[in-house]
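**Student:** Need a 3D model of the sequence below.
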Amino acid sequence: LATTPRRRVAGKKMEPLFFRVYESHAGREAYLQNLVVCSLDVVEECVAARASSGGQDMYLGLLAPIDAFRLYGYATSTQIKFIAVVDETARHDEAALRKFFVQCHDAYVTYILNPFTKLDATQITAASFRAKIDAAANAHLRPPARPPSPPTPS
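**Tutor:** Numbering: from 1, shown residues only. Next up is the predicted model:
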């Protein structure tokens, strides 16, 4: 997906549990991972602000525009953080981003509820989890289809 180069799931101790870079941004993994690491402080500030105001919305919204990207966040009540990095030129509405993060959260819950999941694992490597994240991205973060070009006169 050109508009969603990367997704990350961070654990309670900020350790990366899942990292996914899409083909159009292959080769930029280290750069994108650094963007996300830099955004974790903003995530913590948003979570603290949410707690002090009594809010319970897990969707954190836009964390920061950095270079040619926009970083969005979501933090669960169990301190699992989801961060999506999207191209700055791709404008996604809040509803689509919320749906994307809710589906990612659902995928994580399904993964954790599997009795064969090792809860102390340092990374999520399950193909089923990756497939659900990819499906959520395809459903909610794909760029809008361009209208067909008008036919050229003959």
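**Student:** contacts, neighbours, all on C-alpha from now
**Tutor:** Fine.
**Student:** Mind giving me the packing neighbours of the host helix or strand of residue 107?
**Tutor:** Under the criterion DSSP states H and E, the helix or strand holding residue 107 is helix 94-113. Counting contacts by 3 or more C-alpha pairs under 8 Å, 6 or more residues apart in numbering; DSSP states H and E, helix 94-113 packs against strand 59-66, helix 127-140.
**Student:** Give the buried residues for it.
**Tutor:** Using 16 or more other C-alpha atoms under 10 Å as the test for burial, helix 94-113 gives 96-105, 107-108, 111.
**Student:** which residues are contacting it?
**Tutor:** Contacts with helix 94-113, where a contact means C-alpha atoms under 8 Å, 6 or more residues apart in numbering, come from 59, 61, 74, 76, 82, 117, 119, 129, 132-133, 136-137, 139-141.
**Student:** Now do residue 21 against residue 114, distance only.
**Tutor:** Residue 21 sits 25 Å away from residue 114, going by C-alpha to C-alpha, to the nearest Å.
**Student:** Check residue 141 too.
**Tutor:** Distance, residue 141 to residue 114, using C-alpha to C-alpha: 27 Å.
**Student:** hmm, back to that, run the angle between the helix holding residue 107 and strand 59-66 for me.
**Tutor:** Angle, helix 94-113 to strand 59-66, by axes from the mean of the first three to the mean of the last three C-alpha atoms, to 10 degrees: 110 degrees.
**Student:** isn't residue 62 right next to residue 73, touching?
**Tutor:** Yes - judged on C-alpha atoms under 8 Å, residue 62 makes contact with residue 73 at a distance of 6.7 Å.
**Student:** So those two - more neighbours on which side?
**Tutor:** More crowded of residue 62 and residue 73, by other C-alpha atoms under 10 Å: residue 73, with 27 against 18.
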